[in-house]
Structures are given as C-alpha cells and as structure tokens.
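Visitor: give me a 3D structure for the following:
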Amino acid sequence: MKAAVVNEAGAPFTVQEIQIAAPIGSEVLIDVQASGLCHSDLSARIFGIGGAFPAVFGHEVAGIVAAVGPDVTEFVPGDHVVGSLIQSCGECLHCLAGDLVNCEHPERTERSAEQEPRLSLDGQALTQGMALGGFAQQALIHARQLAKVPEDLPWAQAALIGCGVLTGAGAVLNTANVKQGETVVIIGAGGVGLNAISGAVVAGATRIIVTDIEDGKLERAKRFGATHVINSANTDPVAAVLELTDGGAPHVFDFVGAAPTLKQAIGMVEQGGTMYIIGIGGPTASLEINALEFLVGRKNIRTVYMGHSDMKRDIPMYAELYRQGRFNLDELVSKEISLSQIDEGYESLKDGSIARVVVTDLER
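Guide: Model prediction:
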C-alpha cells in the first residue's frame, strides 16, 4: 500500500510503497478515507519526537473497517470509525476510573518488539506514529483507539473529531465542566480554539470571549459562536476582558501556550477561577507567578491533555451533535488534499484563513 513516509528527522513526507500486517488480537485494519494535518505530526517530523525513523505519522484518521483480529467484538467489516491518539489499556486504576488520558500502560495498544511490526518497508520496521499512522491508504489500529461513527458523517469532518475536537471541546466540557450561564475566555482562534467555542456553545456559556492577533480568525470565531472578540495585537486583552467581565472570568483557556499568552491568561482569571493550559508555545515557554498574590486570589492552573476525553463516549457524541446542526465541523475543513501533498498542506496552514487541512485523496 502507499503511505507518506518520513525517512529521518527533518525530511519531507514521501509517498512510498510499504507493507502492512494482518490484524491480530484486538487490532482493526481500516481503509483510510481521511486524515487530518495536525501540528503535532509536523513537530514529530521536524524534531524527531515520538519514535525512531523511518516513520508513518497521521493521527487524525477516519476510515472503513476492512478486517478485525480474533479478539475484536466491537467492530465488524464495513463499520465507519474514527481513531484517536488516546491509548488506554482498560485495566489500570486510571482507566477503570475513566481517566483514560493518564493510562499507566498505553503501550498495550501496540505490538511488542518481539512481534512482527505492523508496518514495514522492504523488511525494515516502520514507526507507527501515535500507534495510528493515518497518512496511508490503510491503518492497523488497536480497537481501544477507535470509535464507531454514523455512516452519513462526512469523512473530512469525521477525521478532525479524533484530536482537535476532542481537545478543544473536551477542555470546556470535560476538564472545566463549564456550566450554563458562565463566561469563558478562549485565547487563540485556531482549529482547536474554534472547537472550544463550539464546546462553550453546547455547554450554554452566556459570554464566549475570544482573543487572537488576526482579524480573519476572529471573524470566523464569531461564526462559531463567539459573543465578543478582541484583537490582542492592537488592544490590551487583559484590560478588555476585565472590563467585559467586571473583574475576570471563571474559565480562561490558553490554546497558544506562549509566555505572553500564559501571562495574559492569569491576568484574566477572576478570584477562584481557573486558567487552562492547552497550547504548546515551545519548549522554553514559561509562566512566573507571585505565590502570595496567587493564593490570595485563589486562582488555579490546570493542564489539559486531549480534553480529558473518553473517546468511546465523546466521538459519537460530537458526531451526533454535528448531525443535529449543533456542532460546527464543516467550517473547520478549509482544504482537502492528496496523500502526496502533505508538505504543501502544512505550508498552507501558515495562512490564517486556513482552519484545518485534511487528506481525502489517498491515491488508490
């Protein structure tokens, strides 16, 4: 089959013919129909994060079940499924408590070093990025990393649910548990931040305040449900939020994660409120706080990974909300490309008018 292979750190995505094993145990073989371009995969390609090379990345994947291993009871050939990078063993204390993102044994969703590799190139094992490897015509994935979705869900939209939607909307609905009538502030109106807006709409937030440095992104944020937008390139966002909220918001989400936005987020939080760190602004981004001031203000900081999602519950939920017209997935899909255009697709994401790019032509 064809796959976009990265041969070494910093190398481009190159379409090559590779081999994929037959499913064993709880594995599911899917015919990939769509795979979203997430910056995490780009960082893995550039910096070599997440395993050895050569590698096949792509963790926002959707497709049709082609075959299942002998231990699979949840899926049958023909099912439409969406993958997620949340790897859970289902047996540790975290998993049994529903805290899947903190699973103690995520490696149990992968093959061991002694087993035949899932992916290979001329006899050499390939790293399967995040145990998904969706930049390929087929993917071999553990059943715990898949969720079934309705057959009428468009493929490009379906693929984006597995990461960006789970992370953005999940931060609001699961981590923060935003209530009806509350105010939220969302820093960064990129693809994940837009999903946080959708999550806040579903939660019934009264005021959804969004900050960004690009007017185009802020206009799109309004279409997703933002009630107030602030261009932080020409307006002091902290002062503006404090004025709009009469002293701060109970929930402030930073989807940028750079030092300036982390500082802004703390300044926007009301007494007893919480700032949520989701974005990764770089390995050196840091936040300095005054401990006494922080304690007196009873402010809180929480980190968010994959929206603390239960993918088996949340992916079908977002799919159904979309079908009901209550969750905006259509406007997330700015561009659809072929498997051999991944590098160009990532380049296009530098354009603020582009929300997300999805591979939908697998060049079969």
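Visitor: now find how far off-centre the helix or strand hosting G272 is within its chain.
Guide: G272 belongs to strand 269-277 when assigned by DSSP states H and E. Relative to the chain's own centre, strand 269-277 is displaced by 23 Å; criterion: CA atoms, centre = their mean, to the nearest Å.
Visitor: show me where the stretch 1-150 of the chain has helices.
Guide: With DSSP state H, counting those that start in this stretch as the definition, the stretch 1-150 of the chain shows helices at residue ranges 39-47, 93-96.
Visitor: which of these sits closest to F253?
Guide: The minimum distance between F253 and the helices of the stretch 1-150 of the chain falls on helix 39-47, with 17.2 Å, by CB to CB. (C-beta placed from N, C-alpha, C; glycine too.)
Visitor: list the helices and strands that closest one packs on?
Guide: The criterion is 3 or more CB pairs under 8 Å, 6 or more residues apart in numbering; DSSP states H and E, and there are no helices or strands that helix 39-47 contacts.
Visitor: in that helix, which residues are buried?
Guide: Neighbour-count burial for helix 39-47, counted by 16 or more other CB atoms under 10 Å, picks out 40-42, 44-45.
Visitor: for stretch 177-186, same thing?
Guide: Neighbour-count burial for stretch 177-186 [16+ other CB under 10 Å]: 178, 182-186.
Visitor: farthest pair in these?
Guide: E182 and I186 (12.9 Å).
Visitor: out of the buried residues of stretch 177-186, which is nearest to D310?
Guide: V178 (17.4 Å).
Visitor: what helix or strand is the closest one on?
Guide: Assignment of secondary structure by DSSP H and E places V178 within no helix or strand.
Visitor: can you offset everything so residue one is 47?
Guide: All right, first residue 47 from here; so that's V224.
Visitor: how is this structure carved up into domains?
Guide: 48-200+375-407, 214-352 (automatic domain parsing).
Visitor: dump the buried residues of helix 85-93 into TSV; add distance to G144 and pLDDT as well.
Guide: Converted to TSV, the buried residues of helix 85-93 look like this (distance: CB to CB, whole Å; pLDDT from 0 to 100):
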residue	distance to G144	pLDDT
S86	24	86
D87	27	89
L88	31	86
A90	28	85
R91	33	88
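Visitor: which pair of these spans the longest distance?
Guide: For the buried residues of helix 85-93, and using CB to CB, no pair is farther apart than S86 and R91, which are 9.9 Å apart.
Visitor: sorry, back to before: report the buried residues of the strand holding G318.
Guide: Here strand 315-323 shows 315-316, 319-323 as buried, counting by 16+ other CB under 10 Å.
Visitor: for those, work out which two are farthest apart.
Guide: E316 and I323 (17.4 Å).
Visitor: who's in contact with the nearest residue to L199 once chain neighbours are set aside?
Guide: Leaving aside its sequence neighbours, L199 sits nearest to A365 (CB to CB, 6 or more residues apart in numbering; 5.3 Å). By CB atoms under 8 Å, 6 or more residues apart in numbering, the contact set of A365 is 128, 195-196, 199, 204, 207.
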